[in-house]
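# Let's see this in three dimensions:
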Amino acid sequence: MKNMKVHFIAIGGSAMHNLAIALAKKGYEVSGSDDMIFEPSASRLKSYNLLPSEFGWDESKIQSDLDAVILGMHARPDNPELLRAQQFGLRIYSYPEYIYEQSKDKTRVVIGGSHGKTTITSMILHVLKQSGKDFDYLVGAQIEGFDTMVKSTSEAPVIVIEGDEYLASPIDRRSKFHLYHAHIGVISGIAWDHINVFPTFQNYVDQFSMFIDTIEPGGKLIYCEEDEAVSRVAAESKVDVAKIPYRTPEFSIVNGVTTLEVEDGKVPLEVFGKHNLLNLTAARLVCNSLGIDDHAFYECIQSFKGAARRLELLAANNETSVYKDFAHSPSKLKATIEAVKQQYPDRKLIAVIELHTFSSLNLDFLKEYDGAMELADEAIVFIDKHTFEQKKLTPFTETDVKAGFGNNELKFFNNVEILEGFLSYINYKSKNLLLMSSGNFSGMDLAGLAERATASNKENLND
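All right, here's what the predicted structure looks like:
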């Protein structure tokens, strides 16, 4: 059989470089280009001999014998490699289109939603692996026990896909999760995001209605009925699919451990928070659909520790825990703060959010954060002043931020050195620190900060 030749334009992206590695492991001849590649993408590509020898676009890499060109969102429509591929009449795919091409003969599970989709996908993968199942996958975070974020084989009968609602590519304005044609679809929640692409809430909601329409006839929609917007789009849909709602399960919290209350008895968990219990329930229903019963699911899920940067414990002693989390949108921010407060009701919470996405730096959208940090004992918002310069946006003032969050006691920082100094001198006795961002706090040493915050007492929380 002919060896497939595939070229990636903007190979350094998170999903893109993982797909490139997956295809190389499958035996494909893979090449790629990018104008800049950051860690960990660079090291991971290098380990598979896929790192471009130099940065930049080189149209000579586009030859007429390529079987496919995969276009990343980072590339522009006038990219010289893209233009040459179009001139040759080559097959040009977004990565979700190519994932679909690779999985046409598989059962496709697609996890959608404004929040929780990475965790739900990760939970499903964890249980399938623990159960000895063969499956392919695409997930948006690194998971313990998995060396890549994408797996694509010829043999696996099932693929589990984290389905993003953002645009597929610079030349394909469809939402990514519309392209997978799920047999089993999940919607975890709907909370307005990506306002640069979806300028109104209704326009954003419409993407989820269209996602339901793409589910294969006779398929399943698993959805959170506690979310008003999700329940509405599920009820309004007339497509031929089974609709399976889910709610928060019964649980208890004792000595910092969250335990599910199920028919089989008590199931202690490594993860916590109402949002994660909702995620777990969605994952259970998917696994049921894939032939794993509740008893087997609960046995496996007890060892799930979470996906990278999702309530990830950086350091702890017997009276302080330091977590980092990917939360950045208003709904994620509120749910994450609520989870930590509920898990540790006797500790004060210092919550820090870095705003740096396009939506969060839009003054009109900032009001969506109203009340999002009200459960924090000390609320801190950080925006690197250089972020506004890079995005060519008008900077927020402290007054803007306090008004947007509806919190006059909130502290605002726009200099990372001053923020780190402030956080380093807090007495963390009987306090938790929660650091939330989809970025990296402008390179702040979070591990070092966590170590200093917990240095006064090295006893483990469980001692």
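
# buried set for stretch 99-112?
Buried residues in stretch 99-112, counted by 16 or more other C-beta atoms under 10 Å: I99, Y100, Q102, S103, K106, T107, R108, V109, V110, I111, G112. From N, CA and C alone the C-beta is placed, and that goes for glycine too.

# Show me which pair in those is furthest apart.
Pairwise distances across the buried residues of stretch 99-112 (C-beta to C-beta) peak at 19.3 Å, for the pair Q102 and G112.

# Please spell out which residues along the lowest-mean-pLDDT helix or strand in the chain are buried.
In the chain, no helix or strand scores lower on mean pLDDT, DSSP states H and E than helix 385-391, which sits at a mean of 85. Buried residues in helix 385-391, counted by 16+ other C-beta under 10 Å: T387, F388.

# Make 30 the first number, not 1, from now on.
Done: numbering now begins at 30, and the last item shifts to helix 414-420.

# Pull the residues that contact it.
H385, F387, L390, T423, P424, F425, N443, N444, S471 (C-beta atoms under 8 Å, 6 or more residues apart in numbering).

# before we move on, what SS does the last one have?
What DSSP: H, G, I helix; E, B strand; the rest coil gives for S471 is helix.

# Equivalent analysis for the fourth one, please.
For T423, the reduced secondary structure class is coil; criterion used: three-state DSSP.

# what's the closest of the buried residues of stretch 128-141 to E191?
E191 has its nearest neighbour among the buried residues of stretch 128-141 in I140, at 5.4 Å by C-beta to C-beta.

# Surely the closest one forms part of a strand?
Yes: counting by three-state DSSP, I140 is part of a strand.

# for this protein, what's the longest helix?
Assignment by DSSP state H gives helix 303-318 as the longest helix of the chain.

# So what touches that helix?
Helix 303-318 has contacts (C-beta under 8 Å, 6+ apart) with 138, 140, 144-145, 148-149, 152-153, 156-157, 189, 213, 215, 217, 249, 251, 253, 255, 273, 275-278, 280, 287, 289, 298, 300, 323, 326, 330, 335, 340, 364-365, 367-368, 371.

# what's downstream of that helix, the next helix or strand?
On the C-terminal side of helix 303-318, the closest following helix or strand by DSSP states H and E is helix 323-330.

# need the helices for the stretch 280-429 of the chain, in chain order.
Remark: helices assigned in the stretch 280-429 of the chain by DSSP state H, counting those that start in this stretch are 303-318, 323-330, 359-372, 392-395, 414-420, 427-434.

# And the fifth one, how far out from the chain middle?
Meaning helix 414-420. Relative to the centre of its chain, helix 414-420 is centred 24 Å away, using C-alpha atoms, centre = their mean, to the nearest Å.

# Also the last one?
In terms of C-alpha atoms, centre = their mean, the centre of helix 427-434 is found 27 Å from the chain centre.

# So for that helix, what gets flagged as buried?
Using 16+ other C-beta under 10 Å as the test for burial, helix 427-434 gives V430, K431, A432, G433, F434.

# and which of those residues is nearest to I99?
G433 (38.5 Å).

# The closest one against L395, yeah?
Yes: with contacts counted by C-beta atoms under 8 Å, G433 reaches L395, the gap being 3.4 Å.

# Now do the shared contacts for those two.
F425.

# Can you pull up the most central residue in this protein?
For the chain, T147 is the residue whose C-alpha lies nearest the centre (C-alpha atoms, centre = their mean; 4.4 Å).

# quick one: that one is in a strand?
No: looking at T147 with three-state DSSP, it is helix, so not inside a strand.

# residues contacting it?
Contacts for T147 (C-beta under 8 Å, 6+ apart) come out as V168, G169, A170, E191, A336, R339, F355.

# Now K249: which helix or strand?
strand 248-253.

# by how many degrees do that strand and helix 303-318 diverge?
Computed by axes from the mean of the first three to the mean of the last three C-alpha atoms, to 10 degrees, the angle separating strand 248-253 from helix 303-318 equals 160 degrees.

# Strand 248-253 pairs with which strands?
As defined by DSSP bridges, the strand partners of strand 248-253 come to strand 213-216 (parallel), strand 270-275 (parallel).

# quick one: contacts of that strand?
So strand 248-253 is in contact with 142, 211-218, 241, 244, 259-260, 263, 266, 270-276, 307, 311, 314-315, 318, going by C-beta under 8 Å, 6+ apart.

# Buried ones among those residues?
Buried members of the contacts of strand 248-253, counted by 16+ other C-beta under 10 Å: 142, 211-218, 241, 244, 259-260, 263, 266, 270, 273, 275, 307, 311, 314-315, 318.
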